[in-house]
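# I would like to see how this sequence folds:
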Amino acid sequence: MPKVISIHSYRGGTGKSNITANLATSIALQGYRVGVVDTDIPSPGIHNLFGLEADDTDKTLNNFLWGEDLIENAAYDVSKNIALEGEGKLFLVPSSVKADDIARILKNGYDVKLLNDGFRSLVKALQLDYLFIDTHPGLSRETFLSIAISHILILILRPDKQDYQGTAVTIDVARQLKVKKMLLTINKAHTKLNLESLKEKVEQTYKEEVAAVFPLSEEVIQLASEGVFCLKYPQHSVTEKFRELAQRIIEG
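So this is what the prediction gives:
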């Protein structure tokens, strides 16, 4: 049965899309068919990591939500873009970066139920083993849907007071929605911090497992969304953490 994984954070700037791209790629490298849907419609960006230019996307998630096309027709095989090795495949359904399209969505909204139906259609049409949902930060009807249908919710936070407070609210919502499995992921932790102590503190505070702690990395910053980190730096310690977290997802 295909697994649906939502990657979410209460605030923007947590590195959510970067983590989504690297986890999806790490799993595809093991021979699986993996799909990613960018539901961060007001501020899409994960397409940059996969080397998909806006000019090369004549169909997007927006077209599906407006009833203009099937969602699978907005799915792009980005395996070659990132030079993915092996038998695995990686597909991306991007959101439109056109200002008029973003304004239309913000003004009129869209049918959340239709999005749910789209996820199911996409999994079936592309015969996916895993579907990653890159969510919009914060809490909304769309977020509730993604959380509710997910087999695994990966909740990203930084060691920051505002992130801590927002994460507490999000965890409470996830529990009310009876999310099947929740994994906390700390990102951009300063290297001067005791990462193990930070992990223990967060676990004690939220009574949830911290599956990974990613230190603030100069190489990640320098890459600046121009590629998937785990492919650019296959021997890096951060890449190893992506592999470990990807394995946790595979093991369920």
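
# residue 99 - how many residues pack around it?
8 (other C-beta atoms under 10 Å). In this view, the C-beta of every residue, glycine as well, is placed from N, C-alpha and C.

# what pLDDT does it get?
Listed pLDDT for residue 99 reads 94.

# OK, contacts around it?
Contacts for residue 99 were tallied using C-beta atoms under 8 Å, 6 or more residues apart in numbering; there are none.

# got phi/psi on it?
phi -60, psi -40 (degrees, to the nearest 10).

# count of residues packed around residue 100?
8.

# can you report phi and psi for it?
Taking degrees, to the nearest 10 as the convention, residue 100 sits at phi -60, psi -40.

# so how far is residue 118 from it?
22 Å (C-beta to C-beta, to the nearest Å).

# what helix or strand is the residue of the chain most remote from its centre on?
Most distant from the centre of the chain: residue 192, at 27.2 Å, with distances by C-alpha atoms, centre = their mean. Using DSSP states H and E, no element contains residue 192; it sits outside every helix and strand.

# ramachandran angles for it?
According to degrees, to the nearest 10, residue 192 has phi -80, psi -10.

# mind listing what it touches?
Residue 192 neighbours (C-beta under 8 Å, 6+ apart): none.

# gap between it and residue 158?
15 Å.

# gap between the residue farthest from the centre of the chain and residue 230?
25 Å.

# and for residue 108?
38 Å.

# got it, and residue 237?
Taking C-beta to C-beta, one finds residue 237 at 11 Å from residue 230.
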